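here is a sequence with its predicted model. Questions after.
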Amino acid sequence: MKALAILVAAGRGERMGADQPKAFVPVAGQPMLLLAARALDAAPSLDGIVVVVPADRIADARQLLGGVRALRDVVAGGETRQDSVQRGLEALPPGFDGVVLVHDAARPLVEVDLIESVIQAAVEHDAAIPVLGLVDTVKRLRDDRVVETLDRSELGAAQTPQGFRVALLRRAYDKAFRDDVVLTDEAMALERLGEPVMAVKGSARNRKLTTPEDLAWAESLLLSEGHP
């Protein structure tokens, strides 16, 4: 079964404090977008990548990603992440009926093994996401007061890439737009349909880079691994 990826890179990244879209911010000298695309490109089960960027950065992205083997297209994103994913779905090849991954360029250090795990789980179970177990005790708050301690063994932090049979994700997204629901990730769309989503083991290395502190962590990790 064919697998394609939508690489979402249209966010402005205000919390990063950068003067350019977050996906173009360098991490140890290389833009997040390029690092994320190369990680996807290295996954042997992935057949193609559609990249979604701000409309005014399409030419820049195409030039930056010129050496990415699996690159299929670069398209303009929308006002929200949800809109950008929809634009990516619309840009998939006509008739494609395999597995689609949705990955955030803000997770540029994703491992190939994790990408492969999500693809295989999505092929077998129709929908799969990586989930990282929690180590801290988690409290429910109300008006700045602790009201409950949650069982962390039943909780996890969702990551990307998230993988789905494309027809299932399209149906879930269509319903979310009809219901005017704001999605925080693709799995949420399927949850609203009552469709099961399998969890595969996430990775601490697959951290979302949101703040300058996250960026410093990623650069330190890459430098420690010998990246230039």
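Yep, that arrived.

what sits against Glu213?
With contacts defined as CB atoms under 8 Å, 6 or more residues apart in numbering, Glu213 is in contact with no residue. Every C-beta, even on glycine, is put in place using the N, C-alpha and C of the backbone.

to clarify, my last question referred to Ala76.
By CB under 8 Å, 6+ apart, the residues touching Ala76 are 10, 52-55, 58, 87.

from those, which land in strands?
For the contacts of Ala76, the ones inside strands are 52-53, with DSSP state E as the criterion.

per-residue pLDDT, Glu14?
The per-residue pLDDT reported for Glu14 equals 68.

circling back to that earlier point, which of the contacts of Ala76 has the most neighbours?
Using other CB atoms under 10 Å as the neighbour definition, the contacts of Ala76 reach their maximum at Val52, which records 30 neighbours.

isn't that residue right up against Arg81?
No. Taking contacts as CB atoms under 8 Å, Val52 lies outside contact range of Arg81: 9.2 Å.

anything in contact with each of these two?
The contact sets of Val52 and Arg81 overlap at 8, 10 (CB under 8 Å, 6+ apart).

sorry, back to before: out of the contacts of Ala76, which is nearest to Ala23?
Here the nearest of these to Ala23, counting by CB to CB, is Val53; it sits at 6.7 Å.

for the closest one, list the residues it contacts.
Contacts for Val53 (CB under 8 Å, 6+ apart) come out as 9-10, 21, 23, 33, 60-61, 74-77.

and the strands in the chain?
3-8, 26-27, 30-31, 48-53, 71-76, 99-104, 127-133, 138-142, 145-150, 156-158, 162-165, 198-201.

reformat these as a markdown table; add mean pLDDT and distance to Glu213.
Supplementary listing: the strands of the chain in a markdown table, determined by pLDDT from 0 to 100; distance: least, CB to CB, whole Å:
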| stretch | mean pLDDT | distance to Glu213 |
| --- | --- | --- |
| strand 3-8 | 98 | 22 |
| strand 26-27 | 94 | 13 |
| strand 30-31 | 95 | 19 |
| strand 48-53 | 98 | 25 |
| strand 71-76 | 97 | 30 |
| strand 99-104 | 98 | 18 |
| strand 127-133 | 97 | 18 |
| strand 138-142 | 94 | 21 |
| strand 145-150 | 95 | 25 |
| strand 156-158 | 96 | 17 |
| strand 162-165 | 98 | 25 |
| strand 198-201 | 98 | 25 |
